[in-house]
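Trainee: Quick one: sequence plus predicted model below, questions after.
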Amino acid sequence: LTLTTTLLPWTNCFAHPALPIPNARPPKRLFAPDAGGGSTGDGGPTSTTAKGKSIPISGTPFRGIARRVSSSNVDDLESVPASQLESIVANAKSLSSNMGKKMDLTNPTLRTKYLTAMTAGLAVSLAMVPEAVSFSFVAGVSPLVGLWTTVVLGFLAALFGGRAGICSSASGACAVVVAALCATHGSGYLAGCAALAGIIQIIAGSAGMAKLIRLVPHPVMLGFVNGLAGVMLKAQLTHFKSAGNFLSFLSPEGRATYGCALLTMTLVRFVIPKLQEKVEAVKAIPPTLGGVVISAAIARFFKWPIKTLADVAGAETFKGGLSVLPKIGLPASIWTPLVNSPLETLKILLPYAVTMACVGSIESLLTLQLLDGIIDDGTRGSTKREVIGQGIGNLASGLTGGIGGCALIGQSLINAQSGGGVSRLSGMSCSLFLALGIVCFAPLLGTIPIVALAGVMLLVCQSTFSWGSLRLFGKIPNLDIFIIALVTFITVKDDLAKAVLVGTLTNALGFAWKQSTAISATVSQTKLNPPSGPILPSIKSYNVNGPLFFGSTQAFSRLFSVKEDPDDIVIDFTGVRVFDHSALEAINSIADRYGSLGKRVYLRHLSSDCAKLLGKVHEGGLPPYEVIESNRNDPIYGVAANPDIYKDVPVPKSG
């Protein structure tokens, strides 16, 4: 097998390279027909293509994701079932589904997979530290609280979450929500809020509410990644400031700070990937991990005057030892009021917990969708499991005194780029390495320059931003351009949940308005065979086209010239889809207008349940001036109506 990354023929040049194309699902198998149309013995194709091409942080393809079968080996593989031909790395089963099974570490492919996942977890654990520390300051708690939140939440969310590759931690989106709670009631209430948010997420995930993420349109996703890139960039720039101003290039501290970040970025993007192409032993080292370690070693050897993790979080955070382990159980500051006055305490916690659960779930689900578009492993992440996994992690985080959080897209991208998208072991090992570092190697961990990690995150910002969206002006509807800019702005200015909500509602309203103007009608002459009387060979017919729903009822009523029309009129609904109760009322209303003038309306090609519902909407059944003509060629669809009122009207079924 040889590594390759290629573009699928249907890759949309206007879509963000890391985003799943709308209405597209990953293939069940990685082996797609090649140009020559060759196939394996079972009829399956012999080559594979990756689903889209993303700009990796290090400049190299995502490790262990896309594979190609050499044409010289096709004859040897013809007798092997397709399921065995698929890359075991790309189709790795989750660790949680194999608990209790023995790992066959004698298999070199499996051994490489687990080693890759663990080294990716080690690289991500270093990038987690500054984020967890900074979000702890936002929430108003000790940095150790944020670090242990990352350990507990990250491990359980990776174990029970929706897919491999996602890394969870204390997050800025959730920290902002609970900051006011900490300021007014103390840090103990944060643990109770995180636990309650976890319970809400477990209930919501079990109820299938995570499916609502499907309603988020593609322009909102583009705005989300662009805004998130801006948020991450804004957070990293703080590490290059002193007393609110950027460090001067002329000062020793400024030269060391900018030089260390630039050195790390160069190592990660160019140097280490080039070495991996030439030196076999280097391939096992993620570029992000190698870049940070080398930069830290050089900075310490030359004694550069730069801030370390210990300088930012405080020496107490990195003192190490068993004394820094978190205590199991809710803090007394929340447990006591919860026992003495549970209703009052829940009344305080519930608004924050609901908001935190919503924000965390939205960011985690959007991260899940993003990784589905990056990691083409033949599977699609489970939104239900992701929300439940985040809930379990937040519940456990609260029970250990943590502040809760959600999936982090930046660290998840680092994990995917480092090869961690092939196994849940990467997210779990990230938490284990971080816990080990806090307890056993805290002093050494505290010496890592924070700008080295900031350099990695700057590369994440560059790869996260949808640069292709800048070329969309004039190529997509103006409403979509506006939504991308709106979501980006709100994400940077306020928070992700509000941005997604506003963007989705704006898109829905814009879609409804556009559809409301899409209804039209053409006038023609048709033959009519009335229930009584002779056949009429030439009767005026309105052939209506477009969706008929609450937004288009007024436009529908304006299509007809009631006073000027003859006594018998046909309305043909062949090109119409009747959607809701408002549409039914509009049809009856136009018939009443004709009936008030002594004229008769014949309705053609309505769905059978639509015809029955019209009689129920009209008091006393259909009047004599409103006639429905049934035909074997009538369309079949269901009208959205109140099931309590129309429960005796069955929805028609084809066949």
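Mentor: Arrived safely, thanks for sending. Numbers count the residues shown, from 1 in each chain.
Trainee: If we go by neighbour counts, what in the host helix or strand of L366 is buried?
Mentor: Following DSSP states H and E, one finds L366 within helix 342-374. With burial defined by 16 or more other CB atoms under 10 Å, the residues of helix 342-374 counted as buried are 345, 348-349, 352-374. The way it works is simple: take the backbone N, C-alpha and C, and place the C-beta from them, glycine included.
Trainee: Return the list of helices and strands in contact with it.
Mentor: For helix 342-374, the elements it packs on are helix 172-185, helix 188-206, helix 218-237, helix 332-340, helix 383-399, strand 406-407, helix 409-417, helix 496-516, judged by 3 or more CB pairs under 8 Å, 6 or more residues apart in numbering; DSSP states H and E.
Trainee: Where does the prediction get shaky in the stretch 451-600 of the chain?
Mentor: For the stretch 451-600 of the chain, applying pLDDT under 70 flags no range at all.
Trainee: hey, where'd the strands end up in it?
Mentor: 520-528, 536-548, 568-578, 600-604 (DSSP state E, counting those that start in this stretch).
Trainee: Could you identify which of those is most buried?
Mentor: A comparison of the strands of the stretch 451-600 of the chain by mean neighbour count, using mean count of other CB atoms under 10 Å, puts strand 600-604 on top with a mean of 22.
Trainee: Let me know the next secondary structure element after that strand.
Mentor: Once strand 600-604 ends, the next helix or strand along the chain (criterion: DSSP H and E) is helix 608-617.
Trainee: Just the buried positions in that following helix, please.
Mentor: S608, D609, C610, A611, K612, L613, L614, G615, V617.
Trainee: contact partners of the helix or strand just after it?
Mentor: Remark: after helix 608-617, the chain's next helix or strand is strand 626-629, criterion DSSP H and E. Residues from elsewhere that reach strand 626-629 (CB atoms under 8 Å, 6 or more residues apart in numbering): 530-531, 588, 591-592, 595, 600-604, 606, 611, 614, 618, 622.
Trainee: what do you get if the cut-off is 7 Å, keeping everything else the same?
Mentor: Contact with strand 626-629 is made by P531, A591, G595, R600, V601, Y602, L603, R604, L606, A611, L614, as judged by CB atoms under 7 Å, 6 or more residues apart in numbering.
Trainee: ok, now stretch 348-364?
Mentor: Applying CB under 7 Å, 6+ apart, the set of residues contacting stretch 348-364 from outside is 171, 173-174, 177-178, 181, 185, 189, 192-193, 196-197, 200-201, 204, 210, 386-387, 390, 394, 404-407, 495-497, 500.
Trainee: ok so, going back, so how far is the helix holding L366 from its chain's centroid?
Mentor: Computed by CA atoms, centre = their mean, to the nearest Å, the chain-centroid distance of helix 342-374 equals 13 Å.
Trainee: mean confidence for that helix?
Mentor: Mean pLDDT, computed over helix 342-374, is 92.
Trainee: dump the residue contacts of the residue positioned nearest the centre of the chain.
Mentor: In the chain, the centroid-proximal residue (CA atoms, centre = their mean) is L366; its distance is 1.6 Å. If you count contacts by CB under 7 Å, 6+ apart, L366 has them with M221, F224.
Trainee: let's go with 8 Å and repeat that
Mentor: Counted by CB under 8 Å, 6+ apart, L366 has contacts I213, V216, M221, F224, I409, L496, V500.
Trainee: And V178, by the same measure?
Mentor: A139, L190, C193, A194, Y352, M356, I403, G404.
Trainee: The third one reaches S397, doesn't it?
Mentor: What it means is C193. No. In this structure, C193 is not within contact of S397 by CB atoms under 8 Å, at 10.5 Å.
Trainee: between these two, what contacts are shared?
Mentor: Going by CB under 8 Å, 6+ apart, residues that sit against C193 and also against S397 are G404.
Trainee: before we move on, back to that, quick check: which of the helices and strands packed on helix 342-374 is nearest to W304?
Mentor: For the helices and strands packed on helix 342-374, the distance to W304 is smallest for helix 218-237, at 18.4 Å, taking CB to CB.
Trainee: Buried residues, the closest one. List them.
Mentor: Of all the residues in helix 218-237, those buried under the rule 16+ other CB under 10 Å are 218-233, 235-236.
Trainee: on contacts alone, who are the packing partners of the one helix or strand A261 maps to?
Mentor: Element membership for A261 (DSSP H and E) is helix 252-266. Helix 252-266 is packed against helix 287-301, helix 450-464, with contacts defined by 3+ CB pairs under 8 Å, 6+ apart.
Trainee: who's in contact with L338?
Mentor: L338 makes contact with G192, L330, T345, L346, according to CB under 8 Å, 6+ apart.
Trainee: Next, format those residues as JSON lines and append distance to G546.
Mentor: Output for the contacts of L338, formatted as JSON lines (distance: CB to CB, whole Å):
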{"residue": "G192", "distance to G546": "53"}
{"residue": "L330", "distance to G546": "57"}
{"residue": "T345", "distance to G546": "54"}
{"residue": "L346", "distance to G546": "50"}
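Trainee: out of the residues you listed, what pair is the most spread apart?
Mentor: Among those, L330 and L346 lie farthest apart (CB to CB), at 13.3 Å.
Trainee: hang on, the earlier thing: just give me the closest of the contacts of strand 626-629 to T112.
Mentor: Closest to T112 out of the contacts of strand 626-629 is L606 (62.2 Å), distances taken as CB to CB.
Trainee: check contacts around the closest one.
Mentor: Counting by CB under 8 Å, 6+ apart, L606 makes contact with F573, V578, L614, I628, D634, P635.
Trainee: Quick one: work out the angle between the helix holding L366 and helix 383-399.
Mentor: Orientation check (axes from the mean of the first three to the mean of the last three CA atoms, to 10 degrees): helix 342-374 against helix 383-399 gives 130 degrees.
Trainee: Can you give me the separation between the closest residue to M118 other than its chain neighbours and A164?
Mentor: In space, and not counting its chain neighbours, M118 is closest to S429: 4.6 Å by CB to CB, 6 or more residues apart in numbering. Look at S429 and A164: by CB to CB, to the nearest Å, they are 12 Å apart.
Trainee: What backbone torsions are found at the spatially closest residue to G154 that is not a sequence neighbour?
Mentor: Counting by CB to CB, 6+ apart, G154 lies nearest to S431, which is 4.1 Å off, once chain neighbours are set aside. Main-chain torsions, S431, degrees, to the nearest 10: phi -70, psi -40.
Trainee: Kindly report the same for S168.
Mentor: S168 adopts backbone torsions of phi -120, psi 150, taken as degrees, to the nearest 10.
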